[in-house]
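K.L.:
Pasted the sequence and its predicted model underneath.
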Amino acid sequence: MECRIVLEFHDLLYIINLLSMKKSGGVILLPLPKKYFLTAATSEGKSELTAFDGALLKARVGNTNLIRVSSILPPGCEYEPDLVIPPGSLLPIAYGYIVSANPGEKIAAAVGVGIKKNSFGVIMEFEGTCSKEEAEEKVTAMVEEAFEMREIELDEIKVASCEHVVQEIGCAFAAVPLWY
Amino acid sequence: MECRIVLEFHDLLYIINLLSMKKSGGVILLPLPKKYFLTAATSEGKSELTAFDGALLKARVGNTNLIRVSSILPPGCEYEPDLVIPPGSLLPIAYGYIVSANPGEKIAAAVGVGIKKNSFGVIMEFEGTCSKEEAEEKVTAMVEEAFEMREIELDEIKVASCEHVVQEIGCAFAAVPLWY
Amino acid sequence: MECRIVLEFHDLLYIINLLSMKKSGGVILLPLPKKYFLTAATSEGKSELTAFDGALLKARVGNTNLIRVSSILPPGCEYEPDLVIPPGSLLPIAYGYIVSANPGEKIAAAVGVGIKKNSFGVIMEFEGTCSKEEAEEKVTAMVEEAFEMREIELDEIKVASCEHVVQEIGCAFAAVPLWY
């Protein structure tokens, strides 16, 4: 049986997009993320994992399936701070986190994104028993070192961080979600 | 050269599926898992990694490429206990595990899936040096806390767990594979 | 509005490829990797994460987004030692690594790929405070144990390894990137 497909313009665009994914030989890859934002949040929980879960929720990624990546900003990936990720999505994400069950302990997490125009960028993560400011300094130095290693000039660094004084079981989480 | 594509009904369905993946602008995402099951198993091995590998094999995911996710049941994802995953597949999976090289030690792992009709669900993982029953209690409480945090009512919890007394090097593994 | 799609032969091939991805019901999966190589490298850094980053760079995967997998060589996956991965790519990869901040300590990492014709293979990873040779022996024994567990005969083992004497903060990294 022959079948005629009726396509509207945006469907046609989508097919073209699919076709443009291929390399010679018709190869399919995991799709390259196109958008990102920075986020950081802290939470208490009754267990280590639910403290982590609470921090993810406050960081607006708690209802997704985090796939941890290590950790490059793809070329052309655009900053979009108000991104909403649909529930259940498989979400590539670079993150640092610390969970502590020591009441009174100060914990912090930070992420830094080093950006170079017309190039990929580098993401660094840090977590420790320190202040938010110290975490930011550390992660900034790490991004600078990553650019030195690559002999690339750094145009801009974006940083997100958070700190928390543990009540019972606490988590500090900082992340760069990569999305489509 | 013009080319007419002859499509059968299931191919057409597939194209429609592809088209439904897009968002405005023709964006391609990592595909959302549609099926899941719960599994748990234990094993001995000559090393920590081969004990882990043995537990994966008994849990029916040993010949796949586990991509660990953190850990939401996608909306519409259906329970299919007899799923067979093709060898080598990239398999999104939420799991907890413990490896021990202390002979005589009891180890356990459990996963819990909190389910809400017409919504996403939440998956929790637990591992520890305890009994299977204790692991189940812990993971159940974690699922309940996750639903409280989200202010969603819980329709049902599914749990899988296992325990093992270590002989030389042992592993307890519990997981929720997410598949297509 | 009706629309006729004009496809060249390689575009048609691509569509066929897409269609061959489906299983009954028109399901889309994460695409199965088709190529792999082995790599190992060491580096110093000012922090643990930048030492790791430096080792990734020397191992030719430093500008990609590593998605750690556990760890099967997909059936039909071909050895291609000179593969170049585009910057920013989501790269499924099996790896072992060790980071040490103990000056003078010898650290090593190794990966082994067990290969069986017309079947999937098994990848094992090892890291420790030992020599490169010891790491290779350990990972080889782990691959052999993995094949025994599966009752599959082993045709060939490929191994990559590295060792490093820590100056300030050092990393040894060994990996099997899986690509398309």
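P.N.:
Right, received. Where do you want to start?

K.L.:
Only C-alpha atoms from now on, for both contacts and neighbour counts.
P.N.:
Fine.

K.L.:
ok, now which ones touch A:A141?
P.N.:
A:A141 makes no contacts at all, as judged by CA atoms under 8 Å, 6 or more residues apart in numbering or on different chains.

K.L.:
nearest spatial neighbour of the closest residue to chain B within chain A, skipping sequence neighbours?
P.N.:
Closest to chain B within chain A is A:G88: 4.0 Å, counting by CA to the nearest CA. Nearest in space to A:G88, with sequence neighbours left out and distances taken as CA to CA, 6 or more residues apart in numbering or on different chains, is B:P74 at 4.0 Å.

K.L.:
was I right about that neighbour contacting B:K34?
P.N.:
Yes. Using CA atoms under 8 Å, B:P74 makes contact with B:K34 at a distance of 7.4 Å.

K.L.:
for chain A, which helix is longest?
P.N.:
The longest helix of chain A (DSSP state H) is helix A:132-150.

K.L.:
Put the alpha carbons of the helix or strand following that one into CSV.
P.N.:
Once helix A:132-150 ends, the next helix or strand along the chain (criterion: DSSP states H and E) is strand A:156-165. The C-alpha atoms that make up strand A:156-165 are tabulated as CSV, following Å, rounded to 0.1, in the frame of the first residue of the first chain:
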residue,chain,number,x,y,z
GLU,A,156,33.1,35.5,30.4
ILE,A,157,32.5,33.3,33.5
LYS,A,158,29.0,32.7,34.8
VAL,A,159,28.8,31.4,38.4
ALA,A,160,25.9,30.0,40.6
SER,A,161,26.4,29.0,44.2
CYS,A,162,24.6,28.3,47.5
GLU,A,163,25.4,27.6,51.1
HIS,A,164,23.5,26.0,54.0
VAL,A,165,24.0,25.4,57.7
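
K.L.:
Just after strand A:156-165, pick out the following helix or strand.
P.N.:
Strand A:156-165 is succeeded, C-terminally, by strand A:170-179 (DSSP H and E).

K.L.:
just to revisit the earlier point, give the full set of residues in contact with the residue nearest to A:G88.
P.N.:
Taking CA under 8 Å, 6+ apart as the test, what B:P74 contacts is A:P87, A:G88, A:S89, B:L32, B:P33, B:K34, B:F120, B:G121.

K.L.:
now do 7 Å
P.N.:
By CA atoms under 7 Å, 6 or more residues apart in numbering or on different chains, B:P74 lies in contact with A:P87, A:G88, A:S89, B:P33, B:F120, B:G121.

K.L.:
repeat for A:D155
P.N.:
A:I115, A:K116, A:K117.

K.L.:
give me that answer again for 6 Å
P.N.:
For A:D155, the contacting residues are A:I115, A:K116, by CA atoms under 6 Å, 6 or more residues apart in numbering or on different chains.

K.L.:
And the strands in chain A, which stretches?
P.N.:
A:35-36, A:39-44, A:65-68, A:72-73, A:78-79, A:90-100, A:106-115, A:121-128, A:156-165, A:170-179 (DSSP state E).

K.L.:
Tell me which of these sits nearest to C:S70.
P.N.:
Closest approach to C:S70 among those is made by strand A:65-68 (13.5 Å; CA to CA).

K.L.:
hmm, the closest one in reach of chain B?
P.N.:
Yes. With CA under 6 Å from any CA of the partner chain as the criterion, chain B is reached by strand A:65-68 at A:N65, A:L66, A:I67.

K.L.:
okay, these in a markdown table with neighbour count next?
P.N.:
Output for these, formatted as a markdown table (neighbours: other CA atoms under 10 Å in any protein chain shown):
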| residue | neighbour count |
| --- | --- |
| A:N65 | 27 |
| A:L66 | 24 |
| A:I67 | 23 |
